[in-house]
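*Asks:* sequence and predicted model, in that order:
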Amino acid sequence: MNSHNHSYVSTNPMSYANGEGVQFVLAFLFVLAFVMYIVAAIQSIRRYKTWPLYRIILWSLGIVLAFSAVFGPLAARAHNDFTAHMIVHLLLGMLAPLFLVLGAPMTLLLRTLNVSLARRLSRILKSRPVWILMNPIVTSFLNIGGLWILYTTDLYMMMHNNLFFHIVIHLHIFLAGYIFTASMIYVSPTPHSFSFVYRAFVLVLALAGHNILSKYMYAQPPNGVPLAQAEMGSMLMYYGGGLVDFFLIWIFISQWFKATRPQAVIFNENAAE
């Protein structure tokens, strides 16, 4: 039975110190990712043609969103407020990954590396383990399945009272959201591509799993989360997640249309002859 009358945050003062430590660790990782991207973009511009400015803007927006989710007032409030935590989830696990994928970091990396390293990376990307990891079914399980485990077990309470769990779970939320997005919309080179029909089918199932989880938490809040916070957070997860999903679906459909359009044009030209 869920204990909704008590806060899920430990009263141990060390938990607050740990919370600050988590913020600095996670913030550093995103700052590092931003710096590395900018350095790579500069090198690419010097060696090759100009790297698109809109890619840099999209990457920067993604980093800002992820950074704001793990460092500052929102991150601190999420330590004892489920609604704030859900905002963190939307930013860190859904919206930031979408912008970052659109920043095409893998394309930039391949352009920046020397020929030898680029070939090694290409071989890794073509490997069987990567094929398994980037299969939409697998990425959906890691992303949506991970959320089910987090919110339907005691792992959510443990996350707020253990430094290691806090860092690992936040990184998982971000990375799982990133590879899920990357497995659905192809922006960078994708050696192991899956059909639009297959990806669409898995995407529908994944979004349904996300929505069902939000409704489940509305009725059965995670252990230790006050009912009022659970209801507000669940609604935010449902409607806020739906908004991000709308943009993901729009991009996916646009790519599908673009991929099939040349075939349609050729067919019509042949029919006219």
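*Replies:* The structure has been received and is ready for your questions. On a predicted model such as this, the values are computed, not experimentally measured, just so you know.
*Asks:* longest helix in this structure, by residue count?
*Replies:* In the chain, with assignment by DSSP state H, the single longest helix is helix 227-272.
*Asks:* now do that one: distance to the chain's middle.
*Replies:* The chain centroid and the centroid of helix 227-272 are separated by 16 Å, computed with Cα atoms, centre = their mean, to the nearest Å.
*Asks:* in stretch 121-137, what's buried?
*Replies:* Residues of stretch 121-137 classed as buried: 125, 134, 135, 136 (neighbour count, 16 or more other Cβ atoms under 10 Å). For the C-beta atoms, the positions are set from N, CA and C on the backbone; glycine is no exception.
*Asks:* dump stretch 144-160 to CSV, keeping only the CA atoms.
*Replies:* Output of stretch 144-160 as CSV, limited to C-alpha atoms (Å, rounded to 0.1, in the frame of the first residue of the first chain):
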residue,chain,number,x,y,z
ILE,A,144,9.1,3.5,-21.2
GLY,A,145,9.8,0.3,-19.4
GLY,A,146,12.4,2.1,-17.3
LEU,A,147,9.7,4.7,-16.2
TRP,A,148,7.3,1.9,-15.2
ILE,A,149,10.0,0.3,-13.0
LEU,A,150,10.9,3.7,-11.5
TYR,A,151,7.4,4.8,-10.6
THR,A,152,5.8,1.5,-9.6
THR,A,153,8.6,0.3,-7.3
ASP,A,154,10.5,1.8,-4.3
LEU,A,155,13.2,2.9,-6.7
TYR,A,156,11.7,6.4,-6.9
MET,A,157,12.1,6.9,-3.1
MET,A,158,15.5,5.4,-3.1
MET,A,159,16.6,7.8,-5.9
HIS,A,160,16.0,10.8,-3.6
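*Asks:* in it, what's buried?
*Replies:* Buried residues in stretch 144-160, counted by 16+ other Cβ under 10 Å: 144, 146, 147, 148, 150, 151, 155, 156, 157, 158, 159, 160.
*Asks:* stretch 169-185 too?
*Replies:* Neighbour-count burial for stretch 169-185 [16+ other Cβ under 10 Å]: 169-170, 172-174, 176-185.
*Asks:* much appreciated, bye for now.
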